[in-house]
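Enquirer: What follows is a protein structure lacking sequence information:
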């Protein structure tokens, strides 16, 4: 069993391995569309299927207080195995669009026992400096989310089949689950909830500080996954508007999304000096500005300027995520912390379905350079929630 200083690296690496399942389908989306004769709108449907599965899982886990009543490490392991198996099912030649949607839904369901439960495990070990710890953890999620795009790039260069991406992410998920089971026992700050408490969720939301953190997180989530899901679309649209540009879309998608992992880690350190609320609000403000500036950058003629802009957007769109999670965990009762993190994730990811489907719908109606203005709504509402609460110094 590792000593305390190795606990966080093991959790972080396991989180990276398992969350690689999230965008495994997106990384091979052109291959799936081609092999199963799917319409372009399937991009939004398959992405939303994962989110819907995640929502269903987090809602069920929250209602039954799964992360508080049972060993979080065993919950994480069980869901990692389930996620690896259903993800591998994408490789079957007998799939249809409907079965792919089901498999992505089940992958999302499994992720409900990985992402929020991983944060619960970290919170059980790091009562102090939780923002910094969650910065590493969400950074791992970001890299895990981006990693399938990198696998796809290598598969393309080596002329290997797209199924390599699916096989690789399933193998990583198995590895991450086994590492948590073998090396991460229940944390010293864990307080088990021994009974099903169906009143836990409304009780948690009566806390003003908790609500402020949660509403800020919801505004952040409106923007985050919609941006991630449509990064390849942004690059393709820009290339279509500017003939002669030939982007390496898998590599750039990895860099743009993956850069956010560094921002999550940096945000954890910055928040130790300037507070989690101020740091999260700053990131949310900058990413909101990126939404508003997106038409100008998609119209201008410099591909390099676009890539720099998208990397800045990729850095700030997720830098506030661990800080909001830290505020949520820090303002929830210890015996219901897992449930609190889970239900907030559930609501946050329900919001992502709306924004993803809106982008998917309007992508065929309005010009692509104006499409992402609607994402600014999330940061604006999130900032209003944070600053409304900050007048009374209720959240820090």
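Expert: Here it is on my side, so go on. These numbers come from a predicted model, not from an experiment.
Enquirer: So the residue lying farthest from the centre of the chain: helix, strand or coil?
Expert: Taking Cα atoms, centre = their mean, the residue of the chain most remote from its mean C-alpha position is residue 244, at 33.3 Å. When classified by DSSP: H, G, I helix; E, B strand; the rest coil, residue 244 comes out as coil.
Enquirer: Please renumber the chain so that the first residue is 20 from this point on.
Expert: Okay, residue one is now 20; in that scheme the one you just asked about reads as residue 263.
Enquirer: Compute the number of surrounding residues for residue 111.
Expert: 11 (other Cβ atoms under 10 Å). For the C-beta atoms, the positions are set from N, CA and C on the backbone; glycine is no exception.
Enquirer: Got the confidence number for it?
Expert: Predicted confidence (pLDDT) for residue 111: 92.
Enquirer: can you check residue 215 too?
Expert: 52.
Enquirer: how close does residue 333 get to residue 45?
Expert: Using Cβ to Cβ, to the nearest Å, one gets 15 Å for the distance from residue 333 to residue 45.
Enquirer: For residue 175, grab the count of nearby residues.
Expert: 16.
Enquirer: list the contacts for it?
Expert: Neighbour list for residue 175: residue 269 [criterion: Cβ atoms under 8 Å, 6 or more residues apart in numbering].
Enquirer: mind checking which helix or strand it is in?
Expert: Element membership of residue 175, judged by DSSP states H and E, is helix 149-176.
Enquirer: Now do that helix: distance to the chain's middle.
Expert: 10 Å (Cα atoms, centre = their mean, to the nearest Å).
Enquirer: what stretches of the protein score poorly on pLDDT?
Expert: Residues of the chain that meet the criterion pLDDT under 70 lie in 20-23, 146-150, 210-220, 353-354, 357, 408-415.
Enquirer: helices or strands next to the longest helix belonging to it in the packing?
Expert: Longest helix of the chain, by residue count under DSSP state H: helix 227-260. Applying 3 or more Cβ pairs under 8 Å, 6 or more residues apart in numbering; DSSP states H and E, one finds that helix 227-260 contacts helix 61-82, helix 219-224, helix 268-293, helix 295-318, helix 322-338, helix 340-349, helix 356-381, helix 396-409.
Enquirer: Residue 76 against residue 127, yeah?
Expert: Yes - between residue 76 and residue 127 there is a contact under Cβ atoms under 8 Å: 6.8 Å.
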